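# next input, structure requested:
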Amino acid sequence: FTLAELLIVVAIIAVLTAIAVPLFVGALNKAEDSVENANIRAVRGEAVAEILLADKPTEAATKDAKKGAYTGVEITTSKYEWQLVGPWYAKGTVNASGEVTSVEISLDADTVGWATSDSCVKSGDTYTVTVKIVKLTVDIKDKN
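Okay, here's the model as predicted:
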């Protein structure tokens, strides 16, 4: 090969690299966003399940440290639906496999120092996720 041919090959490789690298970085960022959204949904699902499966709706919340009692849950019922009005704040840990390894629920995010909106923070191989659940509505309409 001549020097001119080698320079052309190097130039072509440089152009292809300049095109491919930003696309690859964009795809990685989009994948990370998808993982964070999936983790937020997983923790929200676990928290909702704990809240709905508790013997009493307030048992799904941690005790208020200052008052020593459960506070803030309002239960409203009507002929067609049952509502639990929080808000609840849930903090969970998700491992690298996407499994929720722990979920804690509180009625007061300030007391426990959690974020008051949905967030997902990666540290090592695990994600720490916080979510806010405002209201749960269970439809109890008669389907007959």
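# in this protein, where's the longest helix?
helix 3-53 (DSSP state H).
# for residue 119, list each beta-bridge partner.
Taking DSSP bridges as the rule, residue 119 bridges to residue 130.
# do you know how far residue 93 is from residue 125?
Using C-beta to C-beta, to the nearest Å, residue 93 is found at 11 Å from residue 125. Every residue, glycine included, has its C-beta placed from N, CA and C.
# with neighbour numbers in mind, choose between those two.
Neighbour count, other C-beta atoms under 10 Å: between residue 93 and residue 125, residue 93 has more, with 17 against 9.
# now the more buried one: which helix or strand?
Under the criterion of DSSP states H and E, residue 93 resides in strand 81-94.
# just checking, next helix/strand downstream of that strand?
strand 100-106.
# quick one, that next one and helix 3-53 angle?
50 degrees (axes from the mean of the first three to the mean of the last three C-alpha atoms, to 10 degrees).
# for strand 100-106, packing partners?
On a contact count with 3 or more C-beta pairs under 8 Å, 6 or more residues apart in numbering; DSSP states H and E, strand 100-106 meets helix 3-53, strand 81-94.
# ok, how many other residues are close to residue 41?
Neighbour count of residue 41, defined by other C-beta under 10 Å: 13.
# oh, that last question was meant for residue 13, not what I typed.
A total of 10 residues lie near residue 13 under the criterion other C-beta under 10 Å.
# so what pLDDT did it get?
Per-residue confidence at residue 13 stands at 96 (pLDDT).
# could you do residue 58 as well?
For residue 58, the predicted pLDDT is 47.
# repeat that for residue 43.
For residue 43, the pLDDT comes out at 89.
# any idea how far it is from residue 11?
Residue 43 sits at a distance of 49 Å from residue 11 (criterion: C-beta to C-beta).
# of the two, who's got more company?
Of the pair residue 43 and residue 11, residue 43 is the one with more neighbours under other C-beta under 10 Å, namely 25 against 10.
# which stretches of the chain have low pLDDT?
When residues are selected by pLDDT under 70, those of the chain lie in 54-86, 111-112, 136-144.
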